[in-house]
Structures are given as structure tokens and as C-alpha cells.
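Peer 1: sequence unknown, structure follows:
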């Protein structure tokens, strides 16, 4: 079986746990019905590359996704306070007030109610499927571990949402303690490396990642890869507006910065480079002129942009030696 997270290696069997109750977390009206309930085999295997663990005997036909697993936890004040706190932080950190927010596979109105209180426009789906519309953030809490193909959900969400907040049981906790949360409804067990691998192969990048709830949970905020690049371009265009700015470095990074941020050559006065062979020549497409460092004395920029942080101290010292008083910013 190919790894459901990174899709780059075959899984290696590590533990055959035998037959387990498919209806873990559910109860039955009679003892007879409970004893006759469905069983499923758990045969765990691990990816040697990203360390993802999956039940290679998992049969999705035995168990449809059921959001009541997570919804039942809202009977606990401790859990409710935790989950509401997650929403509060996301709304504040990612400026979601007034924005459309989707919660997939929701079995409880608690978080939607809190989102409304915070000024958001929530939409919920009972299944592990995206809803029609455009969303600033999607919550996918305790969903991925139930899916034989978690990549399908994350891939489909790319068409409708800017960011995804995912939360899963942490494999590092579940597989190194007594294993009480190793249950048949969990098709896979994610650690940091496998969650990051899944995000990367489905077109997302990890903006934040961490553990919570006494290290039992692993969470991450995923952003579309192009989102940060576009946001960075807009940020620098607005930052440079009205400034006397130069870029230091006429190599590949400086060239790409100028092409993305200042394609019409109206924001950047020129590009500084120490290589004399580049002086008085011009960058491709934009036509920004390459200048010698000494030209900054006469040009008197108020801002110097670096695209490589490794040289910041060196360039600040050189500017000070020339008497050039400019703010040095790293892009």
C-alpha cells in the first residue's frame, strides 16, 4: 500500500492488532446488539519516509464518516473551552471577523455559534466534503484521520478556501502511550512529518504547526502556496510607495523581486551590486539600472531592500561607512 500522506513509499507492517470494534465510541440499546456489532481488522503499517502510520486493513465500506465522534466531546466544559479558544485565536490571528468560514464534518453548532458571535459568516457541512462558496478559512478538525484518502479532501478545498485549519490526534502521543485512541474509525495516524508531507503534495504550505490539549492533538494552519507569494508582493508594493528605495543585489533574487514588485520600474530607483561588470547595465524585463554601491551617496535612498538576510549586517556596516542613512529591510 502506498503511503496516504506522502505517496512516495510503500508502508511497512509494524503491528497487527487483530479485530476491533468498528463502532468505537458508540453504544447500543441491548447487550446482544452490542456483542453482534461489526468488527474490523487493524493492521498498522508505517511509511519509512514520512513516518505516517495507517491501518492497511481499513475498509471504508464498514464505516461511513460520523462527525458525532468529535461532537460528543462538547459535553465536556474542558473540551468546549479548548475548542472555542481555538476559534477565538484563529479569528484574531487571521482577521476573520466579517469573513466566510467553513467547518467541514461538523456535528455540533458550538463553533458556528462562536464564529457568529465574533462577526464571522459560518457554513457547516455534516460530511467530509467542502461546501459551495468561497471561504477565507476552513476548519477541518478531526477529519483527516478518518479518511482512507485524506489527500482528496485537502486537494478539493484548494478551489474554495484560502486557508485550512486541520487538527488530528497526534501519532506521537497515541502510538507511544497505551494506545487507547488506536481505533478502527481512524484510518491513519499523523505526526508532524506526515502532516507536512500531505500538505505539500496537495498544494498547501504549513504556516503554523503545533501540539495542544496536553500534547494529544496535532494542529496546523495551511495556506495555499501562491497565497503567501501574492500577499508578499502586495505588501512590498504598498511598503515602497512614496519611498526612495533601492534593491541591493542584482542576482537572481533581486531580479525576481523587481519583476514581481515593480514590473513598471516606478517604485525602485535602481539595483545595487558590488560586481563592476554589472554596473550601468539593466535587469531583464523591468529595465532597472544596476548601480555601484558608491552611487548611493549621491542617490540618498531612504530604504535599502535585501533579498538575502545573510548579508544584512555586512551591508548595514557598508552603508554606515559611506554615511548613507537608510532603513535596511529584508524581503
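Peer 2: It's in. This structure is a prediction, so every number in the text was calculated from the model and none was measured.
Peer 1: Sketch out the low-pLDDT regions of the stretch 101-250 of the chain for me.
Peer 2: In the predicted model, the stretch 101-250 of the chain carries pLDDT under 70 at residues 178, 226-228.
Peer 1: What segments of it are helices?
Peer 2: Using DSSP state H, counting those that start in this stretch, the helices of the stretch 101-250 of the chain run over residues 110-117, 150-157, 171-174, 192-201, 225-240.
Peer 1: Please give the centre-to-centre distance between the fourth one and its chain.
Peer 2: Just to be clear, that refers to helix 192-201. Chain-centre distance of helix 192-201: 9 Å, with Cα atoms, centre = their mean, to the nearest Å.
Peer 1: Could you do the shortest one as well?
Peer 2: Between the centre of helix 171-174 and the centre of its chain there are 20 Å (Cα atoms, centre = their mean).
Peer 1: Now it: buried residues?
Peer 2: For helix 171-174, the neighbour count (16 or more other Cβ atoms under 10 Å) marks 171-174 as buried. All C-beta atoms are positioned from the backbone trio N, CA, C, and that covers glycine.
Peer 1: Among those, which one sits closest to residue 270?
Peer 2: residue 172 (51.1 Å; Cβ to Cβ).
Peer 1: got the contact list for the spatially most central residue of the chain?
Peer 2: By Cα atoms, centre = their mean, the chain has its centre lying nearest to residue 222, at 1.7 Å. Counting by Cβ atoms under 8 Å, 6 or more residues apart in numbering, residue 222 makes contact with 154, 163-166, 199, 204-207.
Peer 1: Would you mind giving me the PyMOL syntax to select the buried ones in those residues?
Peer 2: Selecting only the buried entries of the contacts of residue 222 in PyMOL, with 16+ other Cβ under 10 Å as the criterion:
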select buried, resi 154+163+164+165+166+199+204+205+207
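Peer 1: among the contacts of residue 222, which are in strands?
Peer 2: If you go by DSSP state E, the contacts of residue 222 have 163-166, 204-207 in strands.
Peer 1: nearest to residue 76, of those?
Peer 2: Residue 76 lies nearest to residue 165 out of the ones in strands among the contacts of residue 222, by Cβ to Cβ, at 20.6 Å.
Peer 1: Cross-check the contact I'm expecting between that closest one and residue 87.
Peer 2: No. The criterion here is Cβ atoms under 8 Å, and residue 165 misses it with residue 87 at 9.0 Å.
Peer 1: Give me the common contacts of those two.
Peer 2: Each of residue 139 lies in contact with both residue 165 and residue 87 under the rule Cβ under 8 Å, 6+ apart.
Peer 1: Next, count neighbours for the closest residue to residue 24 other than its chain neighbours.
Peer 2: Nearest residue to residue 24, sequence neighbours excluded (Cβ to Cβ, 6 or more residues apart in numbering): residue 183, at 4.0 Å. Residue 183: 20 surrounding residues under other Cβ atoms under 10 Å.
Peer 1: Going forward, the N-terminal residue is numbered 7.
Peer 2: Sure thing, new numbering starts at 7, so read that last one as residue 189.
Peer 1: mind listing what residue 189 touches?
Peer 2: Per Cβ under 8 Å, 6+ apart, neighbours of residue 189: 26-27, 30-31.
Peer 1: pLDDT check: weakest of these?
Peer 2: The weakest per-residue confidence within these falls on residue 31 (81).
Peer 1: how close does it get to residue 66?
Peer 2: 17 Å (Cβ to Cβ, to the nearest Å).
Peer 1: In the host helix or strand of residue 323, which of the residues would be classed as buried?
Peer 2: Following DSSP states H and E, the helix or strand that holds residue 323 is helix 318-328. When burial is assessed from 16+ other Cβ under 10 Å, helix 318-328 yields the following buried residues: 321, 324-325.
Peer 1: any idea how far residue 100 is from residue 185?
Peer 2: Per Cβ to Cβ, residue 100 is found 35 Å from residue 185.
Peer 1: If you count surrounding residues, which of these two has more?
Peer 2: For residue 100 and residue 185, the more surrounded residue by other Cβ under 10 Å is residue 100, and the numbers stand at 19 against 13.
Peer 1: I figured the more buried one was touching residue 145, is that so?
Peer 2: No. Using Cβ under 8 Å, residue 100 is not in contact with residue 145; the gap is 11.6 Å.
Peer 1: how about residue 193, phi and psi?
Peer 2: phi -80, psi -20 (degrees, to the nearest 10).
Peer 1: burial of it, as a residue count?
Peer 2: The number of residues packed near residue 193 is 21, by other Cβ under 10 Å.
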